[in-house]
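Engineer: Okay, predicted coordinates and the sequence, questions at the end:
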Amino acid sequence: MNVWSIIGATPQYCRRHIADDTTYGCPATGESRGDRTTGHVRVAHKVTFMARKLRTRMAITAGRMASATSRIAGRGEGMVVGGRVMLKLAPDAIADLANGRVAALVSATNGKTSTTRLLANAVEQLGPVVTAATGANMTSGVVTTLASGPPDATAVLEVDEAYLPMVTAATKPRVILLGNLSRDQLDRMNEVAMTARKWRAMLAEHPEVTVVANADDPVVTFAAEQAPRVVWVGGGQVWTADSSVCPECGTLLTRTEHDWNCTGCGRKRPETSWELQWTDGVGTAVSRLGQELDLSGLQLPGRFNASNATLALAVAEQLGLGLEESVRRMCQVQAVSGRYAIVDVGALRIRLLLAKNPAGWTELIDVMPGAPTPVIVSINSNAADGRDPSWLWDVPFEKLRGRTVIATGDRRRDLAVRLLHAQVDHVVIADPYSPHAPLPPEARALEVIDNAATYTAFHELRTRAQREASND
Amino acid sequence: MTESVVRIASIYPTLLGTYGDGGNVLALVHRAVLHGLTTEVVDVAPGEHLPRDADLYVLGGGEDTAQVAAADALRADGGLHQAVNRGAAVLAICAGYQLIGHEFPDATGAASPGVGILDIRTDRLPKRAVGELLAKPDSQAPAAMTDLLTGYENHAGATHLGPDARPLAQVEFGVGNGDGSEGAISGQVLGTYLHGPCLARNPQVADVLLGWVVGENLPTLVEREVEELRAERLDFVRRSGR
């Protein structure tokens, strides 16, 4: 009977249906996929509709039609267009759909999709959870996520940094997780300080919210420090170039490995209740009560993901979740929207690594295996990657010395010049996945080769892998 | 060639380092090694005094507030003026280029005082210049500069040269100073809107700067990766038309 659950005063429904109303198959009764005439699905939807305003209900239907049209047209998941249609028809749909069930909002420049997934997996120990599976994190993605699944499922939502104040006001979350802030693209440099100021103003307006914030990021600290309830987490910060000066007084911050302070205004790293300990590539989250939680079983690699998990655990504690059980569930997360997934592309089996900005690249370099293992690095400069790849010079590619880097992507020649200056051996290959590509033999010999990529290069590889898999 | 050390001061990289500008210092060191020169790099943090004995001072790009802060700190320090008077070389990129002139616009567009070591004034372009920039060295540019200059620009400044400055180049694609010219040179002070970074994509410019320091023209040295990148970027600009 464990697949059935009681929702409010209504009869029993199939939980699988309720958790994901795009899956029309019931594991308990074996009813086939695509059959929407069963009582389970119909009644579940009836409950959904009764709890919501007429306007929202109509908007959901219209949004779903738009999403379906977009999917059929092969334009992706259709979440964004569906959400846009919904918000156009019912501008307050987010507030209506949120209805007190948003456990947490997760925002950061880097890692918000992974952190959200880790946290959502942990929260599932309480029952059904809705969360965006694809990283759709602006208002349209948020509203589509809330409209999916059962009406009282707990929501754990990833939110774009700029949209966080608006989504916070509409959803009234219990907890907000703030991970890190750095520049995404060169032409968006000014936005870091501006975003921090907006977050600060947002938290002043919502004193009821508990904030879980990374104390190692001075910009995040500035944003969160005046909130009445902050759980500070020592999550670490590898990328410091966007927080070199005090966000308030502009003085150059003084830093040691695990601490920072401002000699200008006295601001300093807050005392933390949670800490990530990272030793020899293995993370341990230490809770406010000194409980040590072993993160070595995380399948998402690297210090950065151990930090994401530690922040998520601090939220889990605020939500009253079992911490050991939370860790166990986080360890089940293998890949997030294709990140860290192992896929076949052409003649190679690659582990897909995504980095969207210099901070992300800096973290990612530490995730890759050490020298002399070769790696592939794919650099594009489409709009979503940033048109200007000058940021390559801000990333410490010197750390890749002692191996051969296979440079590819539209801007592989920019990367080659960068690697030349970093004294890293490299080959420049337009299509390293071709069976005839002149790869170094040690790369060909690898069972799985790491492939770090910018945003559009990552999606090209994912699409190519999916296409080739379906052609097999 | 010479036993002496080329001392490079990287000015306020935390404030003026938006466009991978650290790459210019790396490129200088890289070219110096190729030419058999020894280098020493000093990063100067805001609040610290500029070294009085560097041979080459490098300023990068930065956002508006950082630019004003850097200009104020440099005027208070006074070291850059002394450096230029004793014949040191200066490379200034983008915001750094603007701020070594007489005045430049702050975040609100109001004129903010510069360091004044280059006879230029900057106000606002009607529209921000973002994209590839290609320019041909000006007839008055150092003779060793023969190759086209390639880079990326991202600025809102219209820069006007006074009588004591001459253009570095003439724009073939992009905006540059806004009047068809790009960058400026005066003595051994060189300013430009090119980043990418500039010296990695234009090793001749790095060699000119190093040549100023050692007092002789450096021989031509070509690297395959750099030439391939330059060819690709030139081809991209030509295909983009205009």
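Structural biologist: Looks like it came in fine.

Engineer: Quick check: mean pLDDT of stretch A:113-122?
Structural biologist: Here stretch A:113-122 scores 96 as its mean pLDDT.

Engineer: residues in the stretch 301-450 of chain A within reach of chain B, list them.
Structural biologist: Taking CB under 8 Å from any CB of the partner chain as the contact definition, the stretch 301-450 of chain A meets chain B at A:387-388, A:390-394, A:413-414, A:416-421, A:428. Quick note: C-beta positions are derived from backbone N, CA and C, even for glycine.

Engineer: The same query, at a cut-off of 6 Å, please.
Structural biologist: Counting by CB under 6 Å from any CB of the partner chain, the residues of the stretch 301-450 of chain A close to chain B are A:388, A:390-391, A:393-394, A:413, A:416-417, A:420-421.

Engineer: Those residues: which two are farthest apart?
Structural biologist: Greatest spatial distance among these (CB to CB): A:Asp388 and A:Leu420, at 19.4 Å.

Engineer: Tabulate the residues of the stretch 301-450 of chain A next to chain B in CSV, adding columns for neighbour count and secondary structure.
Structural biologist: Shown next, in CSV, are these (neighbours: other CB atoms under 10 Å in any protein chain shown; DSSP: H, G, I helix; E, B strand; the rest coil):
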residue, neighbour count, secondary structure
A:Asp388, 24, coil
A:Ser390, 26, helix
A:Trp391, 24, helix
A:Trp393, 27, helix
A:Asp394, 24, helix
A:Arg413, 21, helix
A:Ala416, 23, helix
A:Val417, 29, helix
A:Leu420, 19, helix
A:His421, 24, helix
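
Engineer: Could I get the residues you listed in CSV, plus columns for distance to A:Gln291 and pLDDT?
Structural biologist: What follows is these, written out as CSV (distance: CB to CB, whole Å; pLDDT from 0 to 100):
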residue, distance to A:Gln291, pLDDT
A:Asp388, 46, 91
A:Ser390, 45, 93
A:Trp391, 39, 92
A:Trp393, 42, 95
A:Asp394, 38, 91
A:Arg413, 51, 98
A:Ala416, 48, 98
A:Val417, 49, 98
A:Leu420, 48, 98
A:His421, 46, 98
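
Engineer: can I get the CA coordinates of the longest helix along chain B in PDB?
Structural biologist: Using DSSP state H to define each element, chain B has its longest helix at helix B:224-239. Only the C-alpha atoms of helix B:224-239 are listed here, as PDB (Å, rounded to 0.1, in the frame of the first residue of the first chain):
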ATOM      1  CA  ARG B 224      51.400  28.900 -34.300                       C
ATOM      2  CA  GLU B 225      48.500  29.100 -31.900                       C
ATOM      3  CA  VAL B 226      48.500  32.900 -31.900                       C
ATOM      4  CA  GLU B 227      48.700  33.100 -35.700                       C
ATOM      5  CA  GLU B 228      45.800  30.700 -36.000                       C
ATOM      6  CA  LEU B 229      43.700  32.700 -33.600                       C
ATOM      7  CA  ARG B 230      44.500  35.900 -35.400                       C
ATOM      8  CA  ALA B 231      43.600  34.400 -38.800                       C
ATOM      9  CA  GLU B 232      40.400  33.000 -37.400                       C
ATOM     10  CA  ARG B 233      39.400  36.300 -35.900                       C
ATOM     11  CA  LEU B 234      40.300  38.300 -39.000                       C
ATOM     12  CA  ASP B 235      38.300  35.900 -41.100                       C
ATOM     13  CA  PHE B 236      35.300  36.200 -38.700                       C
ATOM     14  CA  VAL B 237      35.300  40.000 -38.900                       C
ATOM     15  CA  ARG B 238      35.500  39.900 -42.700                       C
ATOM     16  CA  ARG B 239      32.600  37.500 -42.900                       C
END
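
Engineer: Would you mind listing the buried residues in that helix?
Structural biologist: Buried residues in helix B:224-239, counted by 16 or more other CB atoms under 10 Å in any protein chain shown: B:225-226, B:229-230, B:232-234, B:237.

Engineer: And stretch B:166-182, how far out from the chain middle?
Structural biologist: 14 Å (CA atoms, centre = their mean, to the nearest Å).

Engineer: and what of stretch A:300-317?
Structural biologist: Distance, stretch centre to chain centre, for stretch A:300-317: 11 Å (CA atoms, centre = their mean).

Engineer: And A:Ala359, which helix or strand is it part of?
Structural biologist: Element membership of A:Ala359 [criterion: DSSP states H and E] is helix A:358-367.

Engineer: so for that helix, what's the average pLDDT?
Structural biologist: Mean predicted confidence for helix A:358-367 is 90.

Engineer: who does that helix touch, helix- and strand-wise?
Structural biologist: Using 3 or more CB pairs under 6 Å, 6 or more residues apart in numbering or on different chains; DSSP states H and E, the elements in contact with helix A:358-367 are helix A:302-318.

Engineer: One more pass at 8 Å, please.
Structural biologist: Under the contact criterion of 3 or more CB pairs under 8 Å, 6 or more residues apart in numbering or on different chains; DSSP states H and E, helix A:358-367 touches helix A:302-318, strand A:348-354, strand A:449-453.

Engineer: domain parsing for chain A?
Structural biologist: Here the domain assignment for chain A is A:4-50, A:92-330, A:342-471, based on automatic domain parsing.

Engineer: Minimum distance to B:Ala206: which of those has it?
Structural biologist: domain A:342-471 (11.2 Å).

Engineer: would you list every one of the strands in chain B?
Structural biologist: According to DSSP state E, chain B carries its strands in the segments B:5-11, B:38-44, B:56-59, B:89-93, B:103-105, B:111-113, B:120-137, B:149-161, B:166-173, B:181-186, B:189-192.

Engineer: near chain A, which residues of chain B?
Structural biologist: So chain B meets chain A at B:14-15, B:17-23, B:26-27, B:30, B:45-47, B:63-65, B:69, B:130-131, B:152, B:154, B:195-197, B:200-201, B:223, B:225-226, B:228-229, B:232 (CB under 8 Å from any CB).

Engineer: switch the cut-off to 7 Å
Structural biologist: Residues of chain B found near chain A (CB under 7 Å from any CB of the partner chain) are B:14, B:18-20, B:22-23, B:26-27, B:30, B:45-47, B:63, B:69, B:130, B:152, B:154, B:195-197, B:200, B:223, B:225-226, B:228-229, B:232.

Engineer: Any of those buried? List them.
Structural biologist: By neighbour count, with 16+ other CB under 10 Å, the residues of chain B next to chain A hold B:14, B:18-20, B:22-23, B:26-27, B:30, B:46, B:63, B:69, B:130, B:152, B:154, B:195-197, B:200, B:223, B:225-226, B:229, B:232 as buried.
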